[in-house]
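A.B. asks: Could you work out the structure for the sequence below:
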Amino acid sequence: MIEYPKATDFQKATFIGTWGHSSIPIYDVPTMHSLNQLVGYVKHINAANGTVLYRGQCSLYEKVVPSIKHDLSAEEDNRARLEDAMTSILAEEPLLKYLGLKNADVAGWELFQKLVVEAVLQHYGATTYCVDFVDNHWTALWFGLYKWDKTNSRYLLRNNSGRGEGGAHIIMSDQMNKRSFPPEPTLESTELDTTKLEEIKEHAKRAPISFEELVRRNQAKLFEGNHQSWERACNLISNYNDSIDRMEKTDHLFLFLYVADTNASNFRGVYMGQKTYTIDLRKALPSNFLRPCSQHGWVVRGKNVNYDFDSQISCVIRVNVDLAKEMLGSGTLLSQDNFFPDETIDQGYNILLERQKRSRLDSKYKKVIPSGMITDFGPGK
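C.D. replies: Got it, this is the predicted structure:
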């Protein structure tokens, strides 16, 4: 059973609501310390449940689903395309050897081979039933802070648009709702209580001022005090409302903390869970496939193609785009050049491109991968 964080003090991290109509909590983190503590807390409370992996996204969509489910009308065609590619790859002896799938300990183990092939295709851009995760939350932050641009075939740094984009599907908690201002008091609606009226009546008997004038003066004084109290209350409410970040003017990224079922038999980084296959790509693939090493890459695939990934998410963390920029800085380990090394550096990427139909790379190898299945960043990208 997945544990949700319930504590309220994570270095000032704020519980802001739930994700859609689920009970998965969403926390906003104002500092790197609150991010680190919340991540650590989720790992601690789920220590017996599996391995906490991370997924960074620019937007909070309705669900986490594999890419093949993004367009249900094309799912069957994409499934057939994927299966054809996997069948061709499994029949290509040199490529199987390069993937480490001809080793004696896995040769002939069809399930293991298919899982690794689908996982590597997923990680290099194919449409599959797998979902990408990482085991480093800095990497996940990067994928939420940089957005893929199809025109330039490159990840571009996000800037704060001032429109509060990307935060759909948050059901805000009561404490995040804006407070309404109380009605403004008027002189006409200001009434003296019975005790005060009796006091004024007795005073009027001894004073040269009429009862009506004394009532008017006391009523005006009471109104003045009420109006001052109303103004103070409005200022407090205004300050409170201004302090609430409801994504009206600020853009955010989102980290999903997914508890992978790794309390299961595993071999070479492939965990055979109750409902999922979880694959640590750095263990399952030779390190000639550099991209998974750079990204700390994992993939998860449901045993059932309709597996609900959301069922294993412990919480969602919301991070202000500007804060994420400050935390990540400009180190080369957190760059596209590191996370997506080109084919001259990533030998595994080169091998896949060489085997892809209509690839810009010529080779003597069989073209066993359909055109466009592997993302081609192109030279100099």
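A.B. asks: Check which helices and strands the lowest-mean-pLDDT helix or strand in the chain sits against.
C.D. replies: Lowest on mean pLDDT, DSSP states H and E among the helices and strands of the chain sits strand 170-172, with a mean of 78. Applying 3 or more C-beta pairs under 8 Å, 6 or more residues apart in numbering; DSSP states H and E, one finds that strand 170-172 makes contact with strand 14-19. Bear in mind the C-beta positions are built from the backbone N, C-alpha and C, glycine included.
A.B. asks: name the helices or strands packed onto the strand it packs on?
C.D. replies: So strand 14-19, by 3+ C-beta pairs under 8 Å, 6+ apart, packs with strand 25-29, strand 170-172, strand 313-320.
A.B. asks: any idea which of those strands scores lowest on pLDDT?
C.D. replies: The minimum mean pLDDT among the helices and strands packed on strand 14-19 belongs to strand 170-172 (a mean of 78).
A.B. asks: May I see the buried residues of the next helix or strand after that one?
C.D. replies: With elements assigned by DSSP states H and E, the helix or strand that comes after strand 170-172 is helix 194-206. By 16 or more other C-beta atoms under 10 Å, the buried positions in helix 194-206 come out as 200, 204.
A.B. asks: what's the angle from the next helix-or-strand element following helix 194-206 to helix 194-206?
C.D. replies: Sequence order places helix 211-243 as the next helix or strand after helix 194-206, per DSSP H and E. Between helix 211-243 and helix 194-206, the angle comes out at 140 degrees (axes from the mean of the first three to the mean of the last three C-alpha atoms, to 10 degrees).
A.B. asks: Mind listing what's buried along the helix or strand just after helix 211-243?
C.D. replies: Using DSSP H and E, the next helix or strand after helix 211-243 towards the C-terminus is strand 252-260. Within strand 252-260, the residues that count as buried by 16+ other C-beta under 10 Å are 252, 253, 254, 255, 256, 257, 258, 259, 260.
A.B. asks: now do stretch 69-79
C.D. replies: Neighbour-count burial for stretch 69-79 [16+ other C-beta under 10 Å]: 69, 75, 78.
A.B. asks: Which one of those residues is nearest to residue 270?
C.D. replies: residue 69 (22.2 Å; C-beta to C-beta).
A.B. asks: Spatially nearest residue to the closest one, not counting backbone neighbours?
C.D. replies: residue 75 (6.6 Å; C-beta to C-beta, 6 or more residues apart in numbering).
A.B. asks: For that neighbour, what is the enclosing helix or strand?
C.D. replies: Per DSSP H and E: residue 75 is located in helix 75-90.
A.B. asks: where in this protein is pLDDT low?
C.D. replies: Scanning the chain for pLDDT under 70 picks out the ranges 8-9, 165, 174-177, 240-249, 378-381.
A.B. asks: May I see the domains of it written out as residue ranges?
C.D. replies: The chain is divided into the following domains under automatic domain parsing: 14-173+247-332, 194-243.
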